[in-house]
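Peer 1: Kindly return the folded structure for what I paste below:
(2 chains)
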Protein chains: 2
Amino acid sequence: MIASSAQALAVLIADGTGFVTRPVPELMLTLEGIAGDRHTGFTRKAGGREPWYPRGTPIRNDRQVSIVCPRELALVASRMAIAAVAPEWIGANLVVEGLESLTALPRGTRLVLPSGAALVVNGANAPCRHAGAEIARRENARTMPEREGLDLLFPKVARGLRGVIAAVERAGQVAAGDTISVVLPKG
Amino acid sequence: MIASSAQALAVLIADGTGFVTRPVPELMLTLEGIAGDRHTGFTRKAGGREPWYPRGTPIRNDRQVSIVCPRELALVASRMAIAAVAPEWIGANLVVEGLESLTALPRGTRLVLPSGAALVVNGANAPCRHAGAEIARRENARTMPEREGLDLLFPKVARGLRGVIAAVERAGQVAAGDTISVVLPKG
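Peer 2: The predicted structure follows:
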């Protein structure tokens, strides 16, 4: 149970249409997830990430919170030969810096906030084409000529760099600027 | 994602007083846990296993189902120099045989039942003194003279052999005799 520490650079919520998030000063974490976020719930519906379940099957929600690292996203952007991959484009809720490798954190790692809130990491996030399409849309709105295939390039190059998904273990707040204690699981 | 297979030898429920379980033909698994079992719920109260939270704090319930392996329990019994450690004494809900090492299954391993129900492993179960006390009570009721210290011996010798805890990812039934598909997590 080695503990290290990291910083919350930004916190974001998906409270509009789609999975895109927007920065807010603070998030309220309940045991169901982020209050007001589209991914909140003890349960969710199975989708493309769970091809072994019929689409729409109610399943346990281990994906309440999406966490990313700016250094990893910069590496993804560089591999895609684009200027940047912004956390909000890919639906991140928490931007964390100061870890050697966020995405490599083992399942069961606990992220503890100054409020007393705690998140439990449930694994690496698999980069998908939908997030890739949003990146492509933003990038192509910015530069000319349009580049084809950025949507499919993202899942190819972002594996192991797209951050982790987590669930709320203990309720509380998380704010931009918070120090995060990182507690690795025993055994 | 290597898949292997195992067998459910017995299914048990904690529907009396305390954590002790009793064998039943079948369990109904809901997304909250085992229907009618004392550990059911999306949330639970923090206790001695989570000394970093104030006792009684509501936390996410990753401990809906306790799973044990008869071979591992036989090894525990042998280390305690007693005849047996019965799954029901230590509150097991599912007795699984056919795995190289149940307790070593990584977090995120999926156990899929013929009904379509699925459990997700949330880690090795830490052997505690309360289960040790129940073993001591049963053993000392059976043999004379009484042996002191069996309660504390259990947590010492059962680490890595006390099975795993799990949560229900998809609802359904599990029955004694079921074949279980074991799906290791990616990455």
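
Peer 1: for the record, mean pLDDT for the longest helix seen in chain A?
Peer 2: When chain A is parsed with DSSP state H, its longest helix is helix A:129-142. The average pLDDT within helix A:129-142 is 93.

Peer 1: now stretch A:69-80
Peer 2: 98.

Peer 1: mind listing what the residue sitting nearest the centre point of chain A touches?
Peer 2: Centroid-nearest residue in chain A: A:Ser66, 2.3 Å away (criterion: CA atoms, centre = their mean). Counting by CB atoms under 8 Å, 6 or more residues apart in numbering or on different chains, A:Ser66 touches A:His39, A:Ile90, A:Gly91, A:Ala92, A:Asn93, A:Leu94, A:Asn125, A:Gly163, A:Ile165, A:Ala166. Placement of C-beta: from N, CA and C, glycine included.

Peer 1: now for those residues, which pair is the farthest apart?
Peer 2: Farthest pair in these (CB to CB) is A:Ile90 and A:Ala166. Separation: 15.3 Å.

Peer 1: Which residues of chain A lie near chain B?
Peer 2: By the rule CB under 8 Å from any CB of the partner chain, the part of chain A lying against chain B is A:31-32, A:42-43, A:46, A:52-53, A:57-60, A:62, A:106-108, A:112, A:118, A:120, A:122-124, A:126, A:160, A:167-171, A:185-187.

Peer 1: mind checking the SS state of A:Leu73?
Peer 2: With DSSP: H, G, I helix; E, B strand; the rest coil as the basis, A:Leu73 sits in helix.

Peer 1: Please report the distance of it from A:Val168.
Peer 2: 23 Å (CB to CB, to the nearest Å).

Peer 1: what does A:Ala124 give?
Peer 2: Taken as CB to CB, the span from A:Ala124 to A:Val168 is 19 Å.

Peer 1: got it, and A:Gly33?
Peer 2: Relative to A:Val168, and taking CB to CB, A:Gly33 is found at 6 Å.

Peer 1: before we move on, the earlier item: filter the residues of chain A next to chain B down to the ones in helices?
Peer 2: Per DSSP H, those never map to helices.

Peer 1: if we can go back for a sec, which SSE is immediately downstream of the longest helix of chain A?
Peer 2: The helix or strand immediately downstream of helix A:129-142 is helix A:150-157, counting by DSSP states H and E.

Peer 1: For that following helix, which helices and strands make contact with it?
Peer 2: When contacts are defined as 3 or more CB pairs under 8 Å, 6 or more residues apart in numbering or on different chains; DSSP states H and E, helix A:150-157 sits against helix A:70-80, helix A:129-142.

Peer 1: What residues sit buried inside that helix?
Peer 2: A:Leu150, A:Asp151, A:Leu153, A:Phe154, A:Pro155, A:Val157 (16 or more other CB atoms under 10 Å in any protein chain shown).

Peer 1: and what of stretch A:83-102?
Peer 2: Buried residues in stretch A:83-102, counted by 16+ other CB under 10 Å: A:84-99, A:102.

Peer 1: Tell me where chain A is predicted with low confidence.
Peer 2: A:1-3, A:187 (pLDDT under 70).

Peer 1: what about 90?
Peer 2: By pLDDT under 90, the low-scoring segments of chain A are A:1-4, A:17, A:142-147, A:186-187.

Peer 1: And the strands in it?
Peer 2: Assigned by DSSP state E, chain A shows strands spanning A:3-13, A:22-24, A:26-30, A:33-34, A:43-45, A:58-60, A:65-68, A:94-97, A:110-112, A:118-124, A:164-170, A:172-175, A:179-183.

Peer 1: can you put these in JSON lines and add distance to A:Pro145?
Peer 2: Shown next, in JSON lines, are the strands of chain A (distance: least, CB to CB, whole Å):
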{"stretch": "strand A:3-13", "distance to A:Pro145": "31"}
{"stretch": "strand A:22-24", "distance to A:Pro145": "29"}
{"stretch": "strand A:26-30", "distance to A:Pro145": "39"}
{"stretch": "strand A:33-34", "distance to A:Pro145": "38"}
{"stretch": "strand A:43-45", "distance to A:Pro145": "38"}
{"stretch": "strand A:58-60", "distance to A:Pro145": "42"}
{"stretch": "strand A:65-68", "distance to A:Pro145": "29"}
{"stretch": "strand A:94-97", "distance to A:Pro145": "31"}
{"stretch": "strand A:110-112", "distance to A:Pro145": "42"}
{"stretch": "strand A:118-124", "distance to A:Pro145": "34"}
{"stretch": "strand A:164-170", "distance to A:Pro145": "35"}
{"stretch": "strand A:172-175", "distance to A:Pro145": "41"}
{"stretch": "strand A:179-183", "distance to A:Pro145": "41"}
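
Peer 1: Of the ones you listed, flag the one that's most buried.
Peer 2: strand A:65-68 (a mean of 26; mean count of other CB atoms under 10 Å in any protein chain shown).
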